[in-house]
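Peer 1: model the following, please.
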Amino acid sequence: MKISKILSYIVLAVGVISAALLFKMNNGFDTLMTEAGATEARELPLGASIPEVSPLYNMALVIIGLLIIATLVTIVGGLIKNPSSLKKTLLGVVIFLVIGGIAYGISSGTEMALKDNIVSASAVRWADAGIIAFYFFIVIAIAAIVWGGIRKSISK
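Peer 2: Predicted coordinates for the structure are as follows:
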């Protein structure tokens, strides 16, 4: 049996377990909100905790961590087996980082006062940089689609 098939079964099992945990946690949150008389989660008291949700939340974090590790091991294994794809991957990562750096350089951060707290200038700048990078990637994707269509029509 190939490793990819084994990993597929493991991911399927983790998905089923995660769905069960999510269902159980949602029931616990509904109970807590009913007991607190809250209609939205933000109305809950800060120290509120649900005995059956806390261990499930910790277990969900462990499962997510294990899945991230499994994904990274699979990706690194594939890159080691095929060195030519390593060059393309590194090029993609560098381009992503350059676009992120440009977006961060363009972004401006000013402290913002919200209803309940103050958002730091650094947090605002990072959020602004993320939005600008998102717009850059949209423009790049649209340009790639248009370029592909033009290239395809010219080659015929």
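Peer 1: how does the protein divide up, domain by domain?
Peer 2: 1-81, 83-156 (automatic domain parsing).
Peer 1: which of those domains has the lowest average pLDDT?
Peer 2: Of all these, the minimum mean pLDDT falls on domain 1-81 (a mean of 73).
Peer 1: for stretch 5-23, C-alpha coordinates in PDB please.
Peer 2: The C-alpha coordinates for stretch 5-23 follow below in PDB (Å, rounded to 0.1, in the frame of the first residue of the first chain):
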ATOM      1  CA  LYS A   5      -3.200   6.000   0.300                       C
ATOM      2  CA  ILE A   6      -2.400   5.500   3.900                       C
ATOM      3  CA  LEU A   7      -2.200   9.300   4.500                       C
ATOM      4  CA  SER A   8      -5.600   9.600   2.700                       C
ATOM      5  CA  TYR A   9      -7.200   7.200   5.200                       C
ATOM      6  CA  ILE A  10      -5.500   9.000   8.100                       C
ATOM      7  CA  VAL A  11      -6.800  12.400   6.900                       C
ATOM      8  CA  LEU A  12     -10.300  10.900   6.400                       C
ATOM      9  CA  ALA A  13     -10.200   9.500  10.000                       C
ATOM     10  CA  VAL A  14      -9.000  12.900  11.400                       C
ATOM     11  CA  GLY A  15     -11.800  14.600   9.500                       C
ATOM     12  CA  VAL A  16     -14.500  12.400  11.000                       C
ATOM     13  CA  ILE A  17     -13.000  12.900  14.500                       C
ATOM     14  CA  SER A  18     -12.800  16.600  14.000                       C
ATOM     15  CA  ALA A  19     -16.400  16.800  12.900                       C
ATOM     16  CA  ALA A  20     -17.500  14.900  16.000                       C
ATOM     17  CA  LEU A  21     -15.400  17.200  18.200                       C
ATOM     18  CA  LEU A  22     -16.800  20.300  16.500                       C
ATOM     19  CA  PHE A  23     -20.400  19.000  17.100                       C
END
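Peer 1: now it, how far from the chain's geometric center?
Peer 2: Counting by Cα atoms, centre = their mean, to the nearest Å, stretch 5-23 is centred 18 Å from the centre of its parent chain.
Peer 1: next, format the domains of the chain as CSV and append mean neighbour count.
Peer 2: To be clear about C-beta, it is placed using only N, CA and C from the backbone, and glycine gets the same treatment. As requested, those are arranged in CSV below (neighbours: other Cβ atoms under 10 Å):
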stretch, mean neighbour count
domain 1-81, 12
domain 83-156, 12
